[in-house]
Every structure is written in C-alpha cells, then in structure tokens.
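# Structure for the following, please:
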Amino acid sequence: MIKIAYITKNLAANGITNVIMNYGMRIGKDKFELTIIAGNPVESIYEDKLKQEGIKIVKLPPKKKNPLSYYREMWKELKNNYQIVHIHCNSATNVVELMMAKLVGIKVRIIHSHNVTCDHALIHQIFQPILKRLYTHGFACSDAAGKWMFGDSPYEVLPNAFETEKFAFDESSRNTVRKSLNITDKFVIGDVARFNDQKNHEYLLQIFEEVASKRDNAVLLLVGNGPNLDKIKQKIEEHPYRDRIIYYGITDNVTELYCAMDAFVLPTKYEGLGIVFVEAQINGLPVITSDRVPREVDIAGNTQFLPLEKNPEKWAKQILDVPTNFNRKAFYEQNVDAISAYDIKKAVHRLEDYYRRAIKA
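Okay, the predicted model is just below:
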C-alpha cells in the first residue's frame, strides 16, 4: 500500500474540491491509502461521501483565520509516515507545507496548479524560487496553469477529469426542467459558477440586459453559490429585466440544467482551466466566454472567446447569433475522441501509474 496525503485549503464547493473528489473517490483502495488534509470549511456532502469510501479526512483550523493552529496540526499529521504528499493549490504560498513534508522525510512532494493567478501574486512570485527547490513533481490542470506555477521547470498536465458520459444531452431532462421552471418556450442563457469576483457575474448581468432588450423570450439561469451571492442578488433586484432572471442555487445534478439551457455564457476574468466549459460542450451547448480562458477547453470548436474589453453589446450579438436547431445528442457521439481526454476512468489509471513510478524513482 502506498500512503498518500492530499492537502487542500478547504473542501468547499469549488473546482479544486471537484478534482479531489473525482480522483480521490476512484483511486484504487487496494493499492493506495488516501488521507485528505483540509482546512475548514469542509462541506458535509463531501465528508460523507469520502467516509463512505473509507477515505480518512483530517480537518484543520482555517488557514487564513488561524494559521498557527493550521500549521501546528499540519505538522502533526505529516509525521504519520506518508510516502506521497499531493498539494492542490493556486499559488506558491504552499511552501510551508512543502517544507514540512520535506523535513519529515516524505520522498514524493507533488504541487498541483489549478489556476493562472491568485489574490496575492507578489507573494507568489517571491515564494516561487523556494517552491522550485522543494517540490519533486509538478502537475497542472492546463499549460497556462503550469507556466503560472512552474515557469520553465517541468510539469505534467493532468486533466480535471470526470464521468463524461453523465453530461450527455437528454431531451427528457430538458423538457422536465424547462416545464418546472416555466421556461418551456424561452431562449435560456445559462451559467454554472461560484459567485465570486473571478466569475464576473456583474458583467454577465450587463450582457443579459442587452440580450433581453433585443429578444423578448430570453431568460438568464444562474446556478451556484459563493461569497458574492448576496451582492449579485441585490444587483438582480435592481435589474430592468429582473423578472427574467432565475437564481437556481446549488444542485447535485447540474446535467439536467445544462440540458435546459440554449447557450452557456461565463465572462470569467481568469481560469486555470474551467471544467464547466467542457461539461457544457459535452452536453452540446455552444459556449461563449472570455479570452482569459485557456484554449484547451474548446474540445470541438464549439466555444467563442471574447475580450472582456468589448462592450456588453458585442457579447449580446454573439449570444443572439447562437444556433438552437442543431442535434445536441449527436454532438456527443461525433466528438467521443476529444471528450475521452477528460474521462476519469482513463485519467485515474494514469495518476496511479504516476504515483507508482514516482515512488520507485
């Protein structure tokens, strides 16, 4: 058995948590003993699923609010004879965790880059040279994320893989959701994202104002949660087309909501990859996003990348030109090879092989 520790800032509803869950839940339990070390918050939905799979969770105090307690508990846990530590993060500020791992003798120290910027870019740049002397292996969700974290040093791109077949379009789900939301005859612009500054919901509301002024049956469907939710809800209340904006909240079956949409629009300010764009395309949705998103997400030429500097009218024009009469179910069948790059069944075997080779090296 190879004993592995995944380290993450928290297990809240976000992209890094999804990656940890998708890989961690499927890694071979007969070959690997996995522990997840996470600062608070740890959402109960993830904790329950991991415990059902026999995966140990070590909950630490929140890193930002109580760093001394966080590092003290981290030090205690890392002394439990791990062979691999796999740190999921957005910046080089995890050098302390890396240093601890090295001091306790953990041979394989993996840094996994999940974004292309962070809230403390200057500190990241200061710590980057130190990080390069401490990690032994580098992963990234995209080339852009790899260059952000590792510069010219080597790394491997590991896809944010998932069960791709679950996101195929289903006409019955589309009809059911649209009927339940009373949007059967509407042109539905959709968005699945965490409500934070990065995802740029305020600009999306401006874009929708332009779309709604030109298309009477257009509605906006917002899915997700996050720290800016109350702020965005207030913006919705003040919106001239507020009666055509639906805040759905969070869901454990986002596929049926993709099915209900006609276009997926997310003017994000930056992304390490942005797996929702891949999910939406697998569902056959045309995607319109910003040119700050890595081009790897365009799996079948179904994505348009627009500059954020363009005014909302330009974005609205692209949305209004979206075709709605193509066969979305056939799209999946026609692009199986491209979609398979994100298949978790293949990706988890690749990761397991990587762990075994790293231990033997």
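
# from here on, contacts and neighbour counts on C-alpha atoms
OK.

# Shouldn't Asn182 be within a helix?
No - per DSSP: H, G, I helix; E, B strand; the rest coil, Asn182 lies outside any helix segment and is coil.

# From what I see, Lys199 and Val265 are in contact.
No - Lys199 is beyond contact range of Val265, at 10.6 Å (criterion: CA atoms under 8 Å).

# Which one's more surrounded, those two?
Val265 (26 against 20; other CA atoms under 10 Å).

# Relative to Leu222, how far out is that one?
Val265 sits 10 Å away from Leu222, going by CA to CA, to the nearest Å.

# Now for those two: what residues contact both?
190-191 (CA atoms under 8 Å, 6 or more residues apart in numbering).

# Find out how far the lengthiest helix in the chain is from the centre of the chain, if you would.
With secondary structure taken from DSSP state H, the chain has its longest helix at helix 344-360. Here helix 344-360 is found 21 Å from its chain centre; the criterion is CA atoms, centre = their mean, to the nearest Å.

# which secondary structure elements does it contact?
Packing partners of helix 344-360 (3 or more CA pairs under 8 Å, 6 or more residues apart in numbering; DSSP states H and E): helix 15-24.

# elements contacting the helix it packs on?
Counting contacts by 3+ CA pairs under 8 Å, 6+ apart, helix 15-24 packs against helix 344-360.

# Now do the domain split for this structure, please.
In terms of domains, the chain is parsed into 2-161+343-360, 164-340 (source: automatic domain parsing).

# okay, how far is it across the longest one, tip to tip?
The first residue of domain 2-161+343-360 is 11 Å away from its last residue (CA to CA).

# rewinding a little: need the domains of the chain in TSV with mean pLDDT, can you?
Listed next are these as TSV, based on pLDDT from 0 to 100:
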stretch	mean pLDDT
domain 2-161+343-360	95
domain 164-340	94
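
# do you know how far Ser172 is from Ile20?
Counting by CA to CA - Ser172 and Ile20 are separated by 31 Å.

# neighbour-wise, which of those two wins?
Neighbours were counted for Ser172 and for Ile20 using other CA under 10 Å; Ile20 has more, 18 against 12.

# What residues does the more buried one make contact with?
Applying CA under 8 Å, 6+ apart to Ile20 gives the contacts Tyr6.

# how close does the nearest residue to Gly24 once chain neighbours are set aside get to Ala338?
Of all residues not flanking Gly24 in the chain, Leu34 sits nearest, at 7.5 Å (CA to CA, 6 or more residues apart in numbering). According to CA to CA, Leu34 and Ala338 sit 30 Å apart.
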